[in-house]
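In: Model the following, please.
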Amino acid sequence: KDWAIGATYDFGMAALYGTYQGDKLQNAIGVTTAKWELYSLGVTVPVTKVDLLRLMYAQLDNKLPGVAGADSWGAVFEHSLSKRTIAYAGYNHMSNDNNTAAFKTPAGNGSYGESSVTVVGGTSSGYGFGVIHNF
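Out: As a prediction, this is how the structure comes out:
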């Protein structure tokens, strides 16, 4: 069972958005093997006519006994080079709860800009940058 809900509201000077989702996995005999909830909150702030700042926070709560979650925050700066082209740079940091979680940051692509090793209960950080062109 998987479900999610999200909402956004544009205040003009900033847009606020959030999500809430949950997941429950069961094996063939009906034993729950995973159960978690994920919350996220973010804001997009126009800095100038061509620049945006995006700030995000997310928290994963595992609901099974003895299984930890993690929390993550990030920031992305976008600069419009034209109507169809955007340059961006971002950073993400993830902290694992106690000594049972070992999630890595989603920032980066493969091993580029990404922490190479995440120890159980440790942290991970990464960065990403690039150009997006819409055809």
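In: Next, the buried residues of stretch 83-100.
Out: Residues of stretch 83-100 classed as buried by neighbour count (16 or more other C-beta atoms under 10 Å): 86, 90-97. (Glycine included, C-beta is placed from N, CA and C.)
In: Ignore what I typed, I meant stretch 75-83.
Out: Judged by neighbour count (16+ other C-beta under 10 Å), stretch 75-83 contains these buried residues: 76, 78.
In: hmm, who's touching it?
Out: 50-56, 86-91, 131 (C-beta atoms under 8 Å, 6 or more residues apart in numbering).
In: circling back: among the buried residues of stretch 83-100, which ones are in strands?
Out: If you go by DSSP state E, the buried residues of stretch 83-100 have 86, 90-96 in strands.
In: thinking again about what came up before, and the contacts of stretch 75-83, which is closest to Trp73?
Out: Nearest to Trp73, judged by C-beta to C-beta, of the contacts of stretch 75-83 is Met56 at 6.5 Å.
In: quick one: contacts for that closest one?
Out: The contact partners of Met56, by C-beta under 8 Å, 6+ apart, come to 40-42, 72-76.
In: Which ones among these lie within strands?
Out: Filtering these for strands - DSSP E - leaves 40-42, 72-76.
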